[in-house]
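Trainee: what follows is a protein structure lacking sequence information:
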């Protein structure tokens, strides 16, 4: 963990560890030769076991569970979670659908919550078993793919799990708006990412009190929603400059995606949107950013 000029605690985290062998390769290069403190691993990922083996060989790399309800195949049998998957067992619920379920009839909400709890429990069990001795002192730390855990019905299921499987940390994705190098970016400040940012800030305010009441740790701020498809040196530098001048901010998490899938791995994802997502050249840029010595300099006095 690095400290900025105002003694803010920063952690640089990579999401989607375990998605594929080539994605893992990018993570490990960043962890071994750059600045990467932690990795959020997909228990549903095609290269999950490989990722966990690599993590056990790197005690300094903190590993969290990247809960997933949106991408690829579920761990649970289809009959146990029929509302969450299609006939193939592939996740079929969008963020919007589960958000609507959260404000829908109580019987429908309860039905979905029970199925969500079943699938999240399966992912937690697989992760916990694979973790072994690595990271046990940190307790169980979780976040989620596309921040699905912030949806009320999903968060409720997660808190039910917490009653018997205590969570030490849950990501609370509160990110204030900021400009890149003092300039407006229409694609990010006027597009879908702005909607995501605003919605997650609303949900994060609601979740914060729940986490505090349960003594579950979280970071004050995150960086990586507004520019989720464009994180680089300039973006992070702009965000850090703003954070270092904020009163009341003591910790912040920088979200990166340093692993890119190879062309021959594309068929690992049944949904085209994720095939494109993992093969994006932006992921190479984010890995290279973590390897750049100037990136580390952002977090040193």
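Mentor: Right, received. Where do you want to start? What you see is a predicted model; the values in this text were computed from it and never measured.
Trainee: quick one: what helix or strand has residue 208 in it?
Mentor: Per DSSP states H and E: residue 208 is located in helix 192-213.
Trainee: buried residues in that helix?
Mentor: 193, 194, 196, 197, 199, 200, 203, 204, 207, 210, 211 (16 or more other Cβ atoms under 10 Å). (Each C-beta comes from the backbone N, C-alpha and C, glycine too.)
Trainee: next one: stretch 167-182
Mentor: Result for stretch 167-182 [16+ other Cβ under 10 Å]: buried residues 167, 168, 169, 170, 171, 172, 173, 174, 175, 178, 180.
Trainee: now the helices for the chain?
Mentor: Applying DSSP state H to the chain gives helices spanning 21-33, 48-56, 95-102, 106-131, 152-162, 186-189, 192-213, 233-243, 272-278, 282-291, 293-297.
Trainee: in the longest one, which residues are buried?
Mentor: Within helix 106-131, the residues that count as buried by 16+ other Cβ under 10 Å are 109, 112-113, 115-124, 126-127, 130-131.
Trainee: go on, the first one?
Mentor: By neighbour count, with 16+ other Cβ under 10 Å as the criterion, the buried positions of helix 21-33 are 21, 22, 23, 24, 25, 26, 27, 28, 29, 30, 31.
Trainee: what is the burial count for the residue lying closest to residue 281 once chain neighbours are set aside?
Mentor: Counting by Cβ to Cβ, 6 or more residues apart in numbering, residue 281 lies nearest to residue 260, which is 7.5 Å off, once chain neighbours are set aside. Neighbour count for residue 260, taken as other Cβ atoms under 10 Å: 22.
Trainee: please tell me how far residue 260 sits from residue 197.
Mentor: Applying Cβ to Cβ, to the nearest Å, the value for residue 260 to residue 197 is 24 Å.
Trainee: likewise residue 288?
Mentor: Residue 288 is 25 Å from residue 197, by Cβ to Cβ.
Trainee: same question for residue 203.
Mentor: With Cβ to Cβ as the criterion, residue 203 and residue 197 are 11 Å apart.
Trainee: wait, what's in contact with residue 285?
Mentor: 231, 232 (Cβ atoms under 8 Å, 6 or more residues apart in numbering).
Trainee: contacts for the lengthiest strand in the chain?
Mentor: Identified as the longest strand of the chain according to DSSP state E is strand 9-17. Strand 9-17 is contacted from outside by 1-4, 23-24, 27, 30, 35-42, 45, 51, 55, 63-64, 66, 143, 145, 219, 240, 250-259, 278, 290, 299, using Cβ under 8 Å, 6+ apart.
Trainee: only whichever of those residues are buried, select them in ChimeraX.
Mentor: Applying 16+ other Cβ under 10 Å to the contacts of strand 9-17, the buried members can be selected in ChimeraX as follows:
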select :4,23,24,27,30,35,36,37,38,39,40,41,42,45,51,55,63,64,66,143,145,219,240,251,252,253,254,255,256,257,258,259,278,290,299
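Trainee: just the contacts of strand 9-17: which are in strands?
Mentor: Counting by DSSP E, these contribute 2-3, 38-41, 63-64, 66, 143, 251-256 to strands.
Trainee: ok now stretch 242-258, how far from the chain's centre?
Mentor: Offset of stretch 242-258 from its chain centre (Cα atoms, centre = their mean, to the nearest Å): 15 Å.
Trainee: average pLDDT for it, rounded please.
Mentor: Stretch 242-258 comes out with an average pLDDT of 92.
Trainee: any chance you could list what contacts it?
Mentor: So stretch 242-258 is contacted by 4-16, 26-27, 29-30, 36, 171, 176, 178, 219-225, 228, 231, 236, 239-240, 282-283, 286-287, 289-290 (Cβ under 8 Å, 6+ apart).
Trainee: pull up the distance across it, start to finish.
Mentor: Start and end residues of stretch 242-258 are separated by 24 Å (Cα to Cα, to the nearest Å).
Trainee: same check, this time on stretch 242-259
Mentor: 27 Å.
Trainee: that stretch: how far from the chain's middle?
Mentor: Worked out by Cα atoms, centre = their mean, stretch 242-259 lies 14 Å from the chain centre.
Trainee: so the residue nearest to residue 281 sits against residue 29, correct?
Mentor: No - with contacts counted by Cβ atoms under 8 Å, residue 260 stays clear of residue 29, the gap being 11.0 Å.
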